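# Next one to model:
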Amino acid sequence: MLWLKERGIACVADSVLNSEELDKTVARLVVVARNDGYAQGYAECSHHVVNALKVDWDTSRSATYGVNTDAALAAMKTEFNNLQLPVMELINVLLQSEDHVAQLKEIFPDGEDEDEDLA
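From the prediction side, this is the model:
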């Protein structure tokens, strides 16, 4: 259990935070959120121009014109919230075993063992 406390939890966190699936999903979420922010900002700015200048403002030049950025953002948030990481699925299976710490050690070998192999 000492290994789990000192090394195992950090290994699991590192595997999750550095997973390719998480990286790709977060990158897509950032792009979709940025597009939605741009669309909302453009709409708000257009509204102010129309009210201040009493003119019709052509919003068709907006990069997000005709795109339902709200729906795209909501869908991407749902995808992020339902993200399944293979490392977590593996860990969930291992936690069902009697000696889950030993099995975790097999997945995440101790760095000292790796250093000895390199010497």
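# Check which helices and strands the helix or strand containing residue 13 sits against.
Under the criterion of DSSP states H and E, residue 13 resides in helix 9-17. Helix 9-17 sits against helix 86-94, helix 100-107, with contacts defined as 3 or more CB pairs under 8 Å, 6 or more residues apart in numbering; DSSP states H and E. To be clear about C-beta, it is placed using only N, CA and C from the backbone, and glycine gets the same treatment.
# Show me what the first one is packed against.
Going back to what we said before, that points to helix 86-94. For helix 86-94, the elements it packs on are helix 9-17, helix 100-107, judged by 3+ CB pairs under 8 Å, 6+ apart.
# Return the angle between stretch directions for the longest one and helix 86-94.
Counting by axes from the mean of the first three to the mean of the last three CA atoms, to 10 degrees, helix 9-17 lies at 140 degrees to helix 86-94.
# what's the following helix or strand after helix 9-17?
Next along from helix 9-17, by DSSP H and E: helix 20-53.
# and the helix or strand following that next one, how far from the chain's centre?
Downstream of helix 20-53, the next assigned helix or strand under DSSP H and E is helix 69-81. How far helix 69-81 lies from its chain's middle: 12 Å, per CA atoms, centre = their mean, to the nearest Å.
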